[in-house]
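Colleague: I'd like to go over a predicted model; first the sequence, then the structure.
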Amino acid sequence: MVSEMTSKERVLAMLNRKSVDRVPVITGSAMVKEYIEKSGSSWPYYHCNAEMMVNTVSLMHTDAGLDNIVMPFGMFIESMAIGLEVKMGRIDIQPSVRSFFNKPEEVKYDSFLEDKFVKTTLDAIKLSKEKYPDAAVTAFLVAPITLAGDLMGAENLSMLSIKCLQKEKQMQKMQDWLSIALEINRIYVEACIEAGADVIYYSDASASPNLVMPEFYYQVAVPAEKEIGDFVHHLGCPWELHICGDTVPIIEGMASTGADCLSVEQAVNMKEATKIAGNVPVVGNVTPLLMVEGREEQIIDETRKGLDGGAKASMLGCGTPPLSTSDRLKTWVKAVADWSADNI
């Protein structure tokens, strides 16, 4: 019987493959409209105001009961900081990257850490650590393939991912983009860990089998993800890897990156994923839309299904939808606690 843990202890124990008092409940992003309004924050200022950001995301921990506090709100900070155009969305729509560079030489990142959105993330990490030391403070960052796609444009990434498997010259072109993405990854993650992040959550959405071939994932993405993951471990921090879509064809590769856990979405058969991943924890995979319009029994059933399938933490299949409701989030957390009471 494991003694009662704090949220931070619970999450870190799961990542270290140790026993827990109950299964952790974690999220990858938390721009929830209800909590933005409840905290008194306002769009778009909570993206560049650390106090607003922490007041909002902390409600996922203090009100809903999740074990981590995640910042920033979306996958645009890296692109914004190097001068790409970003549409800021709305209170219920996350920001999105709208431009790209034509060649790697155009990317300038000498002043990356001076960007106000980067600074806000770092300040929010520090503030969260001060105010919520028992929570697992998590930095939500863009992983190398997805960042390379932002740099060159998502459509260009898709085409180059095919060409580079056929021609050495195209592979060099891909590596030129990736080397810049990895350098930006290193600068940002080192600053996040220095600010106090307990966990790094890397989303590599564009490495999904829905967008690139598994051959590309194994040959190009795995080495890049492993490189940045090894750097994170060198700095003494654990990291999580999320990839969207049905990732079963690449789970073995994801596990080989050295990630401390693999986050999968609802399209993935959890039992199959956990079997392939071996001793690497797999987390997931509750359908995010259930937090917006799911009935209580649907949320409970799907939560228990993932845990019965071997998930080591319950997590939504992607980020928390902005229109999620606090009552549904609490139902999800309670379902995990009830499952844990029956099975741990």
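Modeller: Arrived safely.
Colleague: now stretch 294-310, how far from the centre of its chain.
Modeller: 21 Å (CA atoms, centre = their mean, to the nearest Å).
Colleague: per-residue confidence averaged over it?
Modeller: Across stretch 294-310, pLDDT averages out at 98.
Colleague: near Trp43, how many residues? Count them for me, please.
Modeller: Trp43 has 17 neighbouring residues, counting by other CB atoms under 10 Å. From N, CA and C alone the C-beta is placed, and that goes for glycine too.
Colleague: same thing with the one 5 residues further on?
Modeller: Around Cys48 sit 18 other residues, with neighbours defined as other CB under 10 Å.
Colleague: quick one: residues contacting it.
Modeller: Applying CB atoms under 8 Å, 6 or more residues apart in numbering, we find Cys48 in contact with 116-117, 120.
Colleague: which members of those occur in helices, if any?
Modeller: Using DSSP state H, the subset of the contacts of Cys48 located in helices is 116-117, 120.
Colleague: what is the mean pLDDT for stretch 97-110?
Modeller: The pLDDT scores in stretch 97-110 average 96.
Colleague: could you pull out the helices for the stretch 151-300 of the chain?
Modeller: Here the stretch 151-300 of the chain has its helices, by DSSP state H, counting those that start in this stretch, at 154-163, 168-195, 214-216, 222-234, 251-256, 270-277, 290-293, 296-308.
Colleague: TSV for the ones you listed, including mean neighbour count?
Modeller: Below are the helices of the stretch 151-300 of the chain laid out as TSV (neighbours: other CB atoms under 10 Å):
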stretch	mean neighbour count
helix 154-163	16
helix 168-195	18
helix 214-216	17
helix 222-234	19
helix 251-256	20
helix 270-277	19
helix 290-293	18
helix 296-308	18
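Colleague: out of those, which comes closest to Thr325?
Modeller: Set against Thr325 and scored by CB to CB, the helices of the stretch 151-300 of the chain come closest in helix 290-293, at 6.9 Å.
Colleague: need the CA coordinates for that closest one. PDB is fine.
Modeller: Output in PDB follows, covering the C-alpha atoms of helix 290-293 (Å, rounded to 0.1, in the frame of the first residue of the first chain):
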ATOM      1  CA  LEU A 290     -16.500  14.100 -23.900                       C
ATOM      2  CA  MET A 291     -15.300  17.100 -21.700                       C
ATOM      3  CA  VAL A 292     -17.600  19.300 -23.800                       C
ATOM      4  CA  GLU A 293     -20.700  17.300 -24.400                       C
END
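Colleague: distance of the nearest residue to Tyr35 once chain neighbours are set aside from Ile91?
Modeller: Leaving aside its sequence neighbours, Tyr35 sits nearest to Leu59 (CB to CB, 6 or more residues apart in numbering; 4.1 Å). According to CB to CB, to the nearest Å, Leu59 stands 15 Å off from Ile91.
Colleague: these two: who's more crowded?
Modeller: Counted by other CB under 10 Å, Leu59 and Ile91 do not tie: Leu59 has more neighbours, with 21 against 16.
Colleague: that one contacts Glu37, correct?
Modeller: No: contact criterion CB atoms under 8 Å: Leu59 and Glu37 do not qualify, at 10.4 Å.
Colleague: ok, back up a step: make TSV from the helices of the stretch 151-300 of the chain and add distance to Leu127 to it.
Modeller: Below are those laid out as TSV (distance: least, CB to CB, whole Å):
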stretch	distance to Leu127
helix 154-163	33
helix 168-195	10
helix 214-216	39
helix 222-234	22
helix 251-256	32
helix 270-277	34
helix 290-293	26
helix 296-308	31
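Colleague: check contacts around Gln94.
Modeller: 29, 31, 73-76, 319, 322.
Colleague: out of these, which comes closest to Lys271?
Modeller: Proximity of the contacts of Gln94 to Lys271, judged by CB to CB, is greatest for Gly319, which lies at 24.1 Å.
Colleague: need the mean per-residue confidence for stretch 174-194.
Modeller: Computed over stretch 174-194, the average pLDDT equals 98.
Colleague: how about stretch 214-227?
Modeller: Mean pLDDT, stretch 214-227: 98.
Colleague: name the residues that touch that stretch?
Modeller: Stretch 214-227 has contacts (CB under 8 Å, 6+ apart) with 143-145, 161-162, 164-165, 171, 174, 178, 181-182, 202, 204, 207, 209, 212, 241, 249-250, 253-254, 256-259.
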